[in-house]
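Novice: Build me a model from this:
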Amino acid sequence: MRRIFLSTGLILAATLAPLSAGYAQLTFGGFAGVNFSNLDISALDPNESTSSRTGGMFGGYLGTHLGRLFTVRLEGFWTRKGADLQESSSSVGSFKIDYIEIPLILRVNLPLVVIKPAIYAGPAISFKTSCTAEDSTPPESCDDVNSTDFSGIIGAGIGFGPITLDVQYDRSFSSILDEDGASEVKNETWTVRAAFGI
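Specialist: As a prediction, this is how the structure comes out:
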């Protein structure tokens, strides 16, 4: 799965360069938003559960228009993921992972007069920059967490001139744990963000 993901990303990136040079309509901008992140843990005890954490994200993008309806974006941003951990409805700890995430996104735009709705999707690679674990529930420590995470993003947005408001969902393709075991742990994150672009 990871080799397929990387190969697809390289093909799309190689395609983006000549298209952007020929079409000559580059866009760029920055964005910031709020994350509602959780961990999907496959081997939790019946009396254990996770709840979402609220965090932040910020970054920027470089894109190119492919006709009127499509835009390809290479994004880069800092984001905080993780979850709060509970046992019998009582909080027992938290797990926080900070990433630098790089998605390659295809946006489908509806060029209306006043507002510009869009839907989008694409793969992403994330690089762990820091991690804090406060519990014995898997993942038991930050040493167990991979330095990279591969995920897929889907989302929808609406544009008003140079300002865009997006809502997106981001989920790991495979477990973020470094070693194979009884439990799989995947990041899943909802994000609401605002972007300003040129």
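Novice: Quick one: residues contacting the most centrally placed residue in the chain.
Specialist: Closest residue to the average C-alpha location of the chain: Asp170 at 4.4 Å, with Cα atoms, centre = their mean. By Cβ atoms under 8 Å, 6 or more residues apart in numbering, the residues touching Asp170 are 101, 124, 151-153, 187-191. All C-beta atoms are positioned from the backbone trio N, CA, C, and that covers glycine.
Novice: In its sheet, which strands sit next to the helix or strand hosting it, and in what direction?
Specialist: For Asp170, the host element (DSSP states H and E) is strand 163-172. For strand 163-172, the paired strands and their directions (DSSP bridges) are strand 148-160 (antiparallel), strand 185-197 (antiparallel).
Novice: can I get these in a markdown table with distance to Tyr120, mean pLDDT and mean neighbour count?
Specialist: Below are those laid out as a markdown table (distance: least, Cβ to Cβ, whole Å; pLDDT from 0 to 100; neighbours: other Cβ atoms under 10 Å):
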| stretch | distance to Tyr120 | mean pLDDT | mean neighbour count |
| --- | --- | --- | --- |
| strand 148-160 | 5 | 96 | 18 |
| strand 185-197 | 12 | 95 | 19 |
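Novice: For Met57, which of those is the nearest?
Specialist: Comparison of the strands paired with strand 163-172 against Met57 by Cβ to Cβ identifies strand 185-197 as nearest, at 6.1 Å.
Novice: Put the alpha carbons of that closest one into PDB.
Specialist: Extracted in PDB, the C-alpha atoms of strand 185-197 (Å, rounded to 0.1, in the frame of the first residue of the first chain):
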ATOM      1  CA  VAL A 185      -3.800   2.400  15.600                       C
ATOM      2  CA  LYS A 186      -4.800   4.900  13.000                       C
ATOM      3  CA  ASN A 187      -5.100   8.700  13.000                       C
ATOM      4  CA  GLU A 188      -8.400  10.200  12.000                       C
ATOM      5  CA  THR A 189      -8.900  13.900  12.000                       C
ATOM      6  CA  TRP A 190     -11.700  16.400  11.100                       C
ATOM      7  CA  THR A 191     -10.400  19.900  10.300                       C
ATOM      8  CA  VAL A 192     -12.200  23.200   9.800                       C
ATOM      9  CA  ARG A 193      -9.900  25.800   8.200                       C
ATOM     10  CA  ALA A 194      -9.800  29.200   6.500                       C
ATOM     11  CA  ALA A 195      -7.500  30.000   3.600                       C
ATOM     12  CA  PHE A 196      -6.400  33.200   1.800                       C
ATOM     13  CA  GLY A 197      -5.100  32.700  -1.700                       C
END
